[in-house]
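here you go, sequence then predicted model.
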Amino acid sequence: MEILKNFGFEPVFFVAQIINFLILFYVFKRFLYKPILKVLKDRQNSIAKGIEEAEAAKKALNEADAQKDEIIKSATLEAEKIILETRKNAEGLREELMQTAKSAAERVIGEAREMADLEFQKAKGEAREISLELSKKVLARVLDELFTKQEKEKILERNIEKLEKYD
């Protein structure tokens, strides 16, 4: 022990240092080490939770992208279907309009022909009336110069009867 004393070893101080160490160990463990470990554990848990949430968000994003692609695909198919249906409807409407226009044109042409026939008949009747009047006047002049009044009347009546038979 003398060697220890030569080196300045005091057993009382040594025991006091051990007790101080144990007290500091207990205080650090209780008030410093446990809270630090708790903070580290909480941080580790929050990091793990953040990673899980990020993975969940990534998964949700991938699902949303897949749904978006499906929606776009179905919308494209639906749009193509609507376009084809619209083209068919437009073609049908075009045909229907063409038929309507054709029938209207035929009706107008028929009406125009009827009106032309009526006008022709009317003009024909007017021409007949005019020709009868002219014939009467010409015949009256000719008859005035060639025949007497009684002879004229007989000839005139006979020719009028013949003209009326031709109608």
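Yep, that arrived. Quantities reported herein were computed from a predicted structural model and do not represent experimental measurements.

what's the host helix or strand of E111 packed up against?
Assigned by DSSP states H and E, E111 falls within helix 34-146. If contacts are counted by 3 or more CB pairs under 8 Å, 6 or more residues apart in numbering; DSSP states H and E, helix 34-146 sits against helix 149-166. Heads up, the C-betas are built off the backbone N, CA and C, glycines and all.

only the buried residues of the helix it packs on, if you could.
For helix 149-166, the neighbour count (16 or more other CB atoms under 10 Å) marks 152, 156 as buried.

quick one: that helix to helix 34-146, angle?
Angle of helix 149-166 versus helix 34-146, following axes from the mean of the first three to the mean of the last three CA atoms, to 10 degrees, is 150 degrees.

what distance separates helix 149-166 from the middle of the whole chain?
81 Å (CA atoms, centre = their mean, to the nearest Å).

circling back to that earlier point, what about the helix holding E111, distance to the chain center?
11 Å.

for that helix, what does the pLDDT average out to?
Taken as a whole, helix 34-146 has an average pLDDT of 89.

let's have the chain start at 10 instead
OK, 10 is where the count begins now, so the last one is helix 43-155.

per-residue confidence for E173?
Reported pLDDT for E173: 79.

same question, D176
60.

check F40 too.
86.

and it, how many residues sit next to it?
10 (other CB atoms under 10 Å).

list the contacts for F16?
For F16, no contacting residues are found, by CB atoms under 8 Å, 6 or more residues apart in numbering.

do you know the pLDDT at it?
75.

any idea how far it lies from N29?
20 Å (CB to CB, to the nearest Å).

same thing with P44?
Counting by CB to CB, the gap from P44 to N29 is 22 Å.

just the CA atoms of stretch 75-95, as PDB, please.
Output in PDB follows, covering the C-alpha atoms of stretch 75-95 (Å, rounded to 0.1, in the frame of the first residue of the first chain):
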ATOM      1  CA  ALA A  75     -53.100   4.300 -62.900                       C
ATOM      2  CA  GLN A  76     -56.700   5.600 -62.400                       C
ATOM      3  CA  LYS A  77     -55.900   8.700 -64.400                       C
ATOM      4  CA  ASP A  78     -54.600   6.600 -67.300                       C
ATOM      5  CA  GLU A  79     -57.700   4.400 -67.100                       C
ATOM      6  CA  ILE A  80     -59.900   7.500 -67.000                       C
ATOM      7  CA  ILE A  81     -58.100   9.100 -70.000                       C
ATOM      8  CA  LYS A  82     -58.300   5.800 -71.900                       C
ATOM      9  CA  SER A  83     -62.000   5.400 -71.200                       C
ATOM     10  CA  ALA A  84     -62.600   9.000 -72.000                       C
ATOM     11  CA  THR A  85     -60.700   8.700 -75.300                       C
ATOM     12  CA  LEU A  86     -62.700   5.600 -76.200                       C
ATOM     13  CA  GLU A  87     -66.000   7.300 -75.200                       C
ATOM     14  CA  ALA A  88     -65.000  10.400 -77.300                       C
ATOM     15  CA  GLU A  89     -64.200   8.200 -80.300                       C
ATOM     16  CA  LYS A  90     -67.500   6.400 -79.800                       C
ATOM     17  CA  ILE A  91     -69.400   9.800 -79.600                       C
ATOM     18  CA  ILE A  92     -67.500  11.000 -82.700                       C
ATOM     19  CA  LEU A  93     -68.500   7.900 -84.700                       C
ATOM     20  CA  GLU A  94     -72.100   8.200 -83.500                       C
ATOM     21  CA  THR A  95     -72.200  11.900 -84.400                       C
END
